[in-house]
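J.: sequence unknown, structure follows:
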Ligand SMILES: [Zn+2]
């Protein structure tokens, strides 16, 4: 059993986990996370924390995603997606997941998922970002995940290490992707703009982040 002592909001939360997979990423089985005041989401449930072995001053930055009471099942679902479907994409397309810890605080369920720390700083061009978003979406679909909200930049992190897709509590996790089907060019009067059908999310992502339409490109 692994434990996590969470120092949050001037309180100490004792959480634990039985997941054997955690050993892959963990340096120690008994750790302390000290949550910093900065919120990464308006609701304040995603925070940056310092993580380290218990009884030492924690000094590794991680992202914590917190859930209380009726929010816990959604966080558990998201954790399962990270571990069952996205294990091979952690650290490239999605953040590395270091584990999920659960506990009870004053009779109320509480859970905390630890994720790779990412700094929001784009060191590449918009074109490169768009290409990475499209590539990441294709990788998710190959893994059977239809995200459902990639049209919103709230679920895309542009970090120094590259683009990461986040938030998997409400995804379709048994997606059988048909890819994008290039439509007949002749259906357009000028024959320049191909219509595309197929997987709705891939078509949408291609429309939003794909290269500019031929009609608007310089000859
Ligand atoms: Zn698809």
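T.: Now that the structure is in, tell me what you want to look at. If you're wondering where the values come from, they're calculated on a predicted model, not measured in any experiment.
J.: so the residue positioned nearest the centre of the chain versus residue 19, what's the distance?
T.: Per CA atoms, centre = their mean, the C-alpha nearest to the average position across the chain is that of residue 166, at 1.9 Å. Residue 166 sits 20 Å away from residue 19 when distances are taken as CB to CB, to the nearest Å. Where you see a C-beta, it was placed from the backbone N, CA and C, and this is true even at glycine.
J.: how about residue 208?
T.: Using CB to CB, residue 208 is found at 36 Å from residue 19.
J.: now residue 152
T.: When distances are taken as CB to CB, residue 152 and residue 19 turn out to be 30 Å apart.
J.: show me which residues of this protein sit near the ion.
T.: When proximity is defined by CB under 5 Å from the ion, the chain lies next to the ion at 141, 177, 199.
J.: after the lowest-mean-pLDDT helix or strand in the chain, which helix or strand is next?
T.: Among the secondary structure pieces of the chain, namely its helices and strands, strand 180-182 has the lowest mean (mean pLDDT, DSSP states H and E), a mean of 77. Under the assignment DSSP states H and E, the closest C-terminal helix or strand after strand 180-182 is strand 196-198.
J.: and that following strand, which strands flank it?
T.: According to DSSP bridges, the neighbouring strands of strand 196-198, each with its direction, are strand 180-182 (antiparallel).
J.: who touches stretch 70-82?
T.: Stretch 70-82 is contacted from outside by 45, 65, 67, 90, 94, 97, 100, 102, 109-111, 113, 145, 167-171, 173, using CB atoms under 8 Å, 6 or more residues apart in numbering.
J.: of these, buried ones?
T.: The neighbour count (16 or more other CB atoms under 10 Å) marks 45, 65, 67, 90, 94, 97, 100, 102, 110-111, 113, 145, 167-169, 171 as buried among the contacts of stretch 70-82.
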